[in-house]
Structure formats: C-alpha cells, structure tokens
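Q: missing the sequence, but the structure's below:
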C-alpha cells in the first residue's frame, strides 16, 4: 500500500519535462507554450531528441522537431504559469483529445546540460528553417535550454531566416 500512495503522489504532480496523467478525470497535464488565443488555442511544442555526441563542455547534443496544434478552448483548461519558465503554462487536456493529437502534444525534453546540434540536412531545409522566423520558437528554445552557445545558434537561425 505504501508504494501505491507513492505512485499516486508522483502521477498527480506537475512535471515540466513530461505529461502527467490524472486518473481522476482522465486527463493529462503538460507544460506548453501558448502562441495564440481566441476560441481555439495555438500550442507550440518542440520535441528534443538526444544526439549521438557529447561536446567537450560536457553538453549532450540534441536535435529538435517543431510541432504546432490548435485546440478548442472549451475542451482544455489553462491551469497556471510554469514557475521560472516564461511563456509556458500548465494545461489540462482530456486524454481522448491528447490521444488524437499525440504526435503534436507528446512532450520530449532532455534534462541536464545540452546543446542543440541539428544535422546539416535539416539546416539546409528551407521549410524547417523557416520555423525560426517565429520569435515564439526562438523564445521556447531559450527558455528550455540555458546554454549560451545554443542561444547564439538560435539567434543566428532567426536572423538568417527573417
């Protein structure tokens, strides 16, 4: 019984780096960046994928994929701002809606020291790089990764693609 209570405590707490399932109301709670409002809410979610390398500074390399989705405001609940993560909000989403949009709503963030390192084929893809025109993408990466070199690269991509 002790382990069950521990598990219940873990699953009901909010976690910036992953979605948390709430069995009471069959919903998930996740930290997302809201990019637009109105009757539908625009959500930006950038998934991080661990790379194969490690930098001499002891930062792990990682790649990103950028996902956007619009959700009906009446079906979700914006709970609160994420402390220390400007622009992010905890959002409660019904599990059925999450399951429909899992590719766009699944959170994949790497903990620890990390540095963005995208393959050349991605940086040469004009469609992918056009995402960096959006200041929300730039701010998202800067908030989720304090590495100064990553900030430099993201600013460079943003200025190049204006």
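A: Yes, it's here. All values reported here derive from a predicted model rather than from experimental measurement.

Q: just the residues contacting stretch 45-52, thanks.
A: Among residues not part of stretch 45-52, those counted as contacts by Cβ atoms under 8 Å, 6 or more residues apart in numbering are 32-33, 60-69, 104-110, 114, 117, 137, 140-141, 144. Bear in mind the C-beta positions are built from the backbone N, C-alpha and C, glycine included.

Q: grab the nearest non-local neighbour of residue 141.
A: With Cβ to Cβ, 6 or more residues apart in numbering as the criterion, residue 141 has its nearest non-adjacent residue at 5.0 Å, and that residue is residue 154.

Q: is the one you found in contact with residue 132, as I believe?
A: Yes - counting by Cβ atoms under 8 Å, residue 132 is a contact partner of residue 154 at 7.0 Å.

Q: secondary structure element for residue 143?
A: According to DSSP states H and E, residue 143 maps onto helix 135-144.

Q: same thing with residue 61?
A: strand 60-72.

Q: helix or strand next in line after that strand, which one?
A: Of the helices and strands lying after strand 60-72 in sequence (DSSP H and E), the nearest is strand 77-81.
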